[in-house]
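quick one, structure for this:
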Amino acid sequence: MKKLLITAAAVLATLSSFAQGTVNFSNATGNTTQRVRMDDPNTGALAPAGTTYSFGLYYAADGTSDESMFVMLGASTGIAGAAGTQTGLYNGGTRTAPTAAAGGFGMFQVRGWETAYGADYTTALANGQAQGAGRFGKSNIVRVDTGDPTSVPAGTPGSLTAAGISGFALTPVPEPSAIALGILGAGTLLLLRRRK
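Numbers count the residues shown, from 1 in each chain. Predicted coordinates for the structure are as follows:
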């Protein structure tokens with residue numbers, strides 16, 4: 001009996017040191033402003049169904065606002081539904097995040113990218129910028145009260161849409177304008193120097 005109690009105490013200690021929370025990685029229950037669009041988040045056409053674009057759920061500890069601290073939870077997903085249906089909707093199912101307490105708060109963001117450029121947002125964006133191509137976008141950062149997977153029955157997963165996740169646009173990769181401005185500035189300096 002003592003061994004059983006010691007084992008149970010060890011398991012409970014392990015669960016509390018590695019707390020987790022669940023969140024529903026979907027915008028299907030949200031309003032139309034929470035959908036993914038092309039070019040303009042307010043007036044652009046909805047992103048097409050299929051695997052041309054990937055979407056990842058990114059997580060950081062509660063209170064984090066630095067986007068470089070976010071990590072992708074699980075695999076990416078595409079736009080749900082058959083071609084021409086359910087455009088602008090992603091549905092990646094329930095994801096588990098390492099939270100400070102079982103079912104605690106966490107910070108979440110959805111990022112989208114053109115699948116041809118990489119398996120995650122950071123890689124795809126770097127490849128897209130290097131090639132001057134691709135479409136990318138991301139939502140606002142929301143604080144979500146996650147579900148407690150250790151309760152019996154398991155708690156309801158946290159909702160991105162209820163937390164106020166925004167829709168966003170997949171826009172063409174930004175041009176490397178800083179480099180262009182630097183070259184223009186250097187050229188101007190050379191012209192001014194020659195005139196003197």
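
for Phe108, see how far away Ala169 is.
Computed as C-beta to C-beta, to the nearest Å, the Ala169 to Phe108 distance reads 19 Å. Where you see a C-beta, it was placed from the backbone N, CA and C, and this is true even at glycine.

quick one, which of these two is more surrounded?
Using other C-beta atoms under 10 Å, the more surrounded residue of Ala169 and Phe108 is Phe108, with 26 against 19.

in three-state terms, label the more buried one for me.
strand (DSSP: H, G, I helix; E, B strand; the rest coil).

before we move on, what about Ala116?
Here Ala116 is helix, with the state taken from three-state DSSP.

so the nearest residue to it once chain neighbours are set aside versus Gln34, what's the distance?
Excluding the flanking residues, the one nearest Ala116 by C-beta to C-beta, 6 or more residues apart in numbering is Gly134, at 7.3 Å. Distance of Gly134 to Gln34, computed by C-beta to C-beta: 23 Å.

then Gly132?
From Gly132 to Gln34 the distance is 30 Å (C-beta to C-beta).

neighbour count for these two, which is higher?
Legend: neighbour count by other C-beta under 10 Å for Gly132 and Gln34, higher for Gln34 (21 against 11).

does the more buried one touch Asn27 like I think?
Yes - using C-beta atoms under 8 Å, Gln34 makes contact with Asn27 at a distance of 4.8 Å.

list residues touching both of the two?
Common contact partners of Gln34 and Asn27 (C-beta atoms under 8 Å, 6 or more residues apart in numbering): Thr161, Ile165, Gly167.

please enumerate the helices of this protein.
2-17, 121-131, 177-195 (DSSP state H).

and the ones you listed, which one averages the lowest pLDDT?
The weakest mean pLDDT among the helices of the chain belongs to helix 2-17, with a mean of 44.

returning to what we had before: buried ones among the shared contacts of Gln34 and Asn27?
Among the shared contacts of Gln34 and Asn27, those buried by neighbour count (16 or more other C-beta atoms under 10 Å) are Ile165, Gly167.

nearest to Pro41 among the shared contacts of Gln34 and Asn27?
Gly167 (5.5 Å; C-beta to C-beta).

check what pLDDT that closest one gets.
So, for Gly167, pLDDT stands at 94.

I'd say it and Asp40 touch.
No - look at Gly167 against Asp40 with C-beta under 8 Å: they stay out of range, at 10.5 Å.

measure Pro172 to Gly93 for me?
Applying C-beta to C-beta to Pro172 and Gly93 gives a distance of 30 Å.

for the nearest residue to Asp148 once chain neighbours are set aside, give me phi and psi.
Spatial nearest neighbour of Asp148, excluding adjacent residues (C-beta to C-beta, 6+ apart): Gly103 at 2.8 Å. For Gly103, the backbone dihedrals (degrees, to the nearest 10) come out as phi 70, psi 20.
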